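# quick one: sequence plus predicted model below, questions after.
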There are 2 protein chains.
Amino acid sequence: MPVYLHDIPLETAQAHFNKALERAGLGGRLGEEEVLMDEKSIGRVLSQPVWAKICSPHYHASAMDGFAVRAEATAGASPATPVMLETGSQTAYVDTGDPLPEWANAVVPIEQVESLDAEDRAAENVRDPLFIRLRQAATPWAHVRLMGEDIVATQLVLPEGHVLRPVDLGAIAGAGYSAVMVSRKPRVAVLPTGTELVEIGEPIKRGDIIEYNSVVIAAQVTQWGGEATRYPITPDRFDLLKQRVQEAADQFDLVLVNAGSSAGSEDFTSRIVEGLGELLVHGVAVRPGHPVILGLIRRSDDSRSVPVIGIPGFPVSAALTGEIFVEPLLARWLGRQPNQPLEIDASLTRKITSPAGDDDFMRVVVGKVGERTLAAPLSRGAGVITSLVRADGIALVPRGIQGLEAGSPVRVKLYRHPAEVEKTIFAIGSHDLTLDLLAQYLTRYGRRLVSANVGSLGGLVALRRQEAHLAGSHLLDPESGEYNISYLRQYLPDTPVRLMTWVEREQGLVVKRGNPKGIQSLCDLSRDDVSFVNRQRGAGTRVLLDYHLQKLSIDPAVIKGYELEEFTHLAVAVAVASGRADCGMAVAAAADALELDFVPLYPERYDLVIPCQYLENDLLSPIFDLAADAGFRTAVAGLRGYSVKKMGNLVLDCSK
Amino acid sequence: MPVYLHDIPLETAQAHFNKALERAGLGGRLGEEEVLMDEKSIGRVLSQPVWAKICSPHYHASAMDGFAVRAEATAGASPATPVMLETGSQTAYVDTGDPLPEWANAVVPIEQVESLDAEDRAAENVRDPLFIRLRQAATPWAHVRLMGEDIVATQLVLPEGHVLRPVDLGAIAGAGYSAVMVSRKPRVAVLPTGTELVEIGEPIKRGDIIEYNSVVIAAQVTQWGGEATRYPITPDRFDLLKQRVQEAADQFDLVLVNAGSSAGSEDFTSRIVEGLGELLVHGVAVRPGHPVILGLIRRSDDSRSVPVIGIPGFPVSAALTGEIFVEPLLARWLGRQPNQPLEIDASLTRKITSPAGDDDFMRVVVGKVGERTLAAPLSRGAGVITSLVRADGIALVPRGIQGLEAGSPVRVKLYRHPAEVEKTIFAIGSHDLTLDLLAQYLTRYGRRLVSANVGSLGGLVALRRQEAHLAGSHLLDPESGEYNISYLRQYLPDTPVRLMTWVEREQGLVVKRGNPKGIQSLCDLSRDDVSFVNRQRGAGTRVLLDYHLQKLSIDPAVIKGYELEEFTHLAVAVAVASGRADCGMAVAAAADALELDFVPLYPERYDLVIPCQYLENDLLSPIFDLAADAGFRTAVAGLRGYSVKKMGNLVLDCSK
């Protein structure tokens, strides 16, 4: 029975895998091939150092357009005592790059030469006068590119393991090569498996999963210098999958089997690896990505071993497994250094918990608010691929740590350019559908809007803690009927802010299509046969609901689902669409998005709150430009129930 | 006559060019096309935002392998009071990702379920028991991935202008797309021109220039998201070039004409652009890269204008012109943000002068010595492509500044990853051919060796100024016959150092093949018919020469070429090979490199001097490993005149 390691720490798994690869002779470069010096070679990895074959320039060359001379013959030339030289015997015209005549040892630039034949130096025959006159002596080897100035034969041009860039191709060609040896690209097979999978573009029904992991993995492999081949989906049939894995191993350098690696009923991969070779590791203590399988199987002709990696099925786990196990392996095989993401120190915006036994790869958004660099954790779910799309980087919470408090320092491995971090606008607060539109328009200004939906009150708290540049807020004061101002006085008493009206919009009840339960007002919420989905405490919509329930004297305790909280308008609509509830309060556009019906109830104003300190630089200025931009206003006004009449009105502003 | 701007500042040139492009309707995206969600789409730029078409998951999905239940039916379950549920009516087995049955609202992970049929939970039929027993109540929606958890329909998945990465392909596919619209790749023609040019791989003779600029430019265009087509070399024939430029403009979005842009006799490009359209800019005040031409010409069918850029012929100028003018143009046309290199602050290692009227793009090597980040200027020659290959980045010396003192702060736009800067070893001092070998071997350890050749004494001075990690030195003390120690006492009296013998090598006279002048010893240097090439003051080889000249009572004043100084062994050999001198002093291997003959004279020791402070981390440790490495020692010993017998001997060492 094969020895294998179950649920082991990441470094142990990597070390075990690497040792097995080395034993199998797979610890280094797989092979090499010749590539021509053309644009297709960029990104390839030199498998041998490049030592210059020739000098460059390979002769003494003129560095200017002018006349080649012997410096000695110009001795004594001065404005008062010019020297005359005869073309042919004493001087000769040379263009930049032309070889110096054997007898010459300097070039006089054409600007310093008086032609004795032509007054006009730009004339065609300037290169062929009978005599020239010089009023300045030339120093030996002036304006000459000496042979070998750039490259001397036998000199190291580029070391082994170097990844070719455009200028390198020039230097290599200049050193006398028309082709160089580079590492062969590792050939990688990607096998998606699972009866529930359907190919991208196929029609889907309940229970189907769109198979895109193989595309993500193949794209990663391509980006990292490998050559990926995607297999069609293999259904959950043990023998068929086993046969395909063996087939793939016979033709490829690495076999990646996606999904089928959890402990569920489709868990064939580990048994297949065990059957065809050696199961090295089953389960690695990382999150997301736990059920990783590492193994080595033999080719049918017994010629060599081929590593197999069982990649977990959840998309985030799959992509991170690629980064953790596939990239370093490809780097080894290509003979290059593994990728090293840039790292940045940041401060965590909120408390997180973490499984104590696992290295936890937390996706975060990074932005600079005031002087502090902040890391805001994104969804922790392994199924949430958008958390990777949105992530600026990964903060590792090492095993042994069960959680981190808000404000804790974290080190973030960046996915993005640090300059993008400086262009990130953090919006924390109430959710509004137009924030997505705003995000889209802001990209044209080189800004990135990152929004976290914590409700209006949560937004004011985030501003107080200096964790966001702005907050969306629509907090109605039941006494004054005013929006936001009394709350600002309470939550941000000492912070001068700009309060700008963003939109007016209609709140109401999202109901199923055709409104089968005939819901007409908040009074229907107390019905026995009506279930509700609520917004979280502190959300403006929740404040609005509670205000009107009180006016109508409806006891929240009688509302089924009052305790079920969602964080956005769209999430409320989704809950209704999926049958978790009959209705919920949200804006009309959320109902439209999910093709639901809508019962309009209350109009309201939604403002942006921006502390004055963030107006000192131009980070946020595109938001004000857009508030006045006709195209943007038209796009917002196109959403049902939205008005832009007051967009841009300053309810409060900073003192100048 | 067309208005054009001559030798203008960079920003003026860019603004003028951009305005003309906008007038011609070429200021934005050129067009769009559809790409499938597969690995070939990475790097493409979204021409439209991606709004989600469907939710992901598009149904409530089990997040675990286990049993779907109604949470209400499990109420009250505890270790003492288990709840039994019947399969089919009350519970059903679900795999991770399976849809939740309509009636269920929670999943109990299989680990928490007792099957009443099988003791062994791993048995195949665990998914189909008649009853299950639970000892813990389920909370509603526990272990369920709610519909829309990842993506909600209508939500913004990715904004316009986003450059696709592997994970994005997954998110887009998950949002219901099998294809998306991306910006069409700009089609770029690259026309190398010049009668003196020969294609890479062709045999070359004196005066020929290997045409590799078009490859560098085409590779740049490819890397920046364009599609490059290289034309064959066009000789310097005005009508032919004019015809080809018009042909290219008729088929491509951008025409790049390389060389022929200086003021020399091949300067056709500006006249051609003038003839075919509008010459916008001729000459930009940047160095290297001065003679840039920017223009717009009409297609033959008059359908639209096409920009033409005349790119200077010197390779560094050509590559930088690409970065300055072509990359931003492609970024515009693709609708993405232009590249933004990372920037780093560094301190200049030596004084430089700069043309006052030009923005001077200085190539520098960047490394960290002790606590300081240093920028060492590389060769300033526009013909030295290796200066770009070696560069870690570019420091801009703005026009108006005529030079910078050593120690001046400079801001460097980095070409490399900042982590590589931390792995850079600065060696300043005496040149030895084995430093290239060392550089090659060090890459295997993830280190980069950057060496500047300033001679042995210069190296000691650099160590004193803390500008290098180590210095090669072979300074013979004429009185004691010892190497280096007395010089260390004089130049680094207060710096504890490790002095490690590197190689023993033979110094002698490099002479032409066949030694036509019969040179046998230093005595021949005083002959009238023998010319010499010297090493610079402070070089160990110069010290050795002067020592022996004195012993032989030869007056340097009688040696022809004694004042001609070169900075490396190879440069001395090149001077002999190219006929600038009959002989020079160097190591045997330098003669071998250039296929010259060698007259051996004096053996000597070459040491490495390393201040102890740089031994505190492991940056330099691979050097000591290599000194003991059999493969490396064999490679060094293979050079003629080299011995590694004493390699690694510690003449002086740091106290522990």
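The structure has been received and is ready for your questions.

# all strands of the stretch 201-350 of chain A, in order?
A:209-211, A:227-230, A:254-258, A:277-284, A:286-287, A:293-298, A:305-311, A:343-348 (DSSP state E, counting those that start in this stretch).

# do the stretch 501-650 of chain A as well
Under DSSP E, counting those that start in this stretch, the stretch 501-650 of chain A gives strands at A:532-535, A:565-566, A:583-587, A:597-611, A:642-643, A:650-652.

# flag every residue of the stretch 351-500 of chain A that's near chain B.
By C-beta under 8 Å from any C-beta of the partner chain, the residues of the stretch 351-500 of chain A that approach chain B are A:379, A:381, A:383-386, A:388-389, A:417-419, A:433, A:436-437, A:439-440, A:442-444, A:446. Quick note: C-beta positions are derived from backbone N, CA and C, even for glycine.

# give me the buried subset of those.
Buried members of those, scored by 16 or more other C-beta atoms under 10 Å in any protein chain shown, are A:379, A:381, A:383-386, A:388-389, A:417-418, A:433, A:436-437, A:439-440, A:442-443.

# take those and keep only those in helices.
Of these, the ones assigned to helices by DSSP state H are A:385-386, A:388-389, A:418, A:436-437, A:439-440, A:442.

# tell me how many other residues crowd A:R411.
Residues lying near A:R411 (other C-beta atoms under 10 Å in any protein chain shown) number 13.

# go on, the one 10 residues further on?
The local packing of A:V421 (other C-beta under 10 Å) involves 21 other residues.

# three-state assignment of it?
Assigned by DSSP: H, G, I helix; E, B strand; the rest coil, the conformation of A:V421 is helix.

# doesn't A:G367 make contact with it?
Yes - between A:V421 and A:G367 there is a contact under C-beta atoms under 8 Å: 6.3 Å.

# joint contacts of those two?
Residues touching both A:V421 and A:G367 (C-beta atoms under 8 Å, 6 or more residues apart in numbering or on different chains) are A:373, A:392.

# ok, stretch A:619-633 near chain B or not?
No - figure legend: stretch A:619-633 not in contact with chain B (C-beta under 8 Å from any C-beta); closest approach 12.9 Å.

# again, but for stretch A:169-183
Yes - applying C-beta under 8 Å from any C-beta, one finds stretch A:169-183 touching chain B at A:169-171, A:173-174, A:178-179.

# what's the answer for stretch A:535-549, then?
No - if you take C-beta under 8 Å from any C-beta as the test, stretch A:535-549 misses chain B, and the best it gets is 15.1 Å.

# residues in contact with stretch A:476-492?
With C-beta under 8 Å, 6+ apart, stretch A:476-492 has contacts from A:456-457, A:460-461, A:463-464, A:473-475, A:497, A:499, A:540, A:543-544, A:547, A:604-605, A:607, A:609, A:611, A:651-652.

# JSON lines for the strands of the stretch 201-350 of chain A, including mean pLDDT, mean neighbour count and distance to A:A577?
Putting the strands of the stretch 201-350 of chain A into JSON lines (pLDDT from 0 to 100; neighbours: other C-beta atoms under 10 Å in any protein chain shown; distance: least, C-beta to C-beta, whole Å) gives the following:
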{"stretch": "strand A:209-211", "mean pLDDT": "92", "mean neighbour count": "24", "distance to A:A577": "19"}
{"stretch": "strand A:227-230", "mean pLDDT": "98", "mean neighbour count": "19", "distance to A:A577": "33"}
{"stretch": "strand A:254-258", "mean pLDDT": "96", "mean neighbour count": "28", "distance to A:A577": "30"}
{"stretch": "strand A:277-284", "mean pLDDT": "92", "mean neighbour count": "23", "distance to A:A577": "37"}
{"stretch": "strand A:286-287", "mean pLDDT": "90", "mean neighbour count": "22", "distance to A:A577": "30"}
{"stretch": "strand A:293-298", "mean pLDDT": "95", "mean neighbour count": "24", "distance to A:A577": "37"}
{"stretch": "strand A:305-311", "mean pLDDT": "96", "mean neighbour count": "26", "distance to A:A577": "32"}
{"stretch": "strand A:343-348", "mean pLDDT": "94", "mean neighbour count": "18", "distance to A:A577": "34"}
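
# and A:V157, which of the ones you listed is closest to it?
Closest approach to A:V157 among these (C-beta to C-beta): strand A:227-230, 26.8 Å.

# only alpha carbons, please: show the closest one as PDB.
Only the C-alpha atoms of strand A:227-230 are listed here, as PDB (Å, rounded to 0.1, in the frame of the first residue of the first chain):
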ATOM      1  CA  GLU A 227       1.600  24.800 -23.300                       C
ATOM      2  CA  ALA A 228      -1.900  23.800 -22.200                       C
ATOM      3  CA  THR A 229      -4.300  21.300 -23.800                       C
ATOM      4  CA  ARG A 230      -7.800  21.100 -22.500                       C
END
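
# how far does that strand sit from the chain's center?
With C-alpha atoms, centre = their mean, to the nearest Å as the basis, strand A:227-230 stands 22 Å off its chain's centre.

# strands paired with that strand, and their directions?
The pairing partners recorded for strand A:227-230 under DSSP bridges are strand A:187-192 (parallel).
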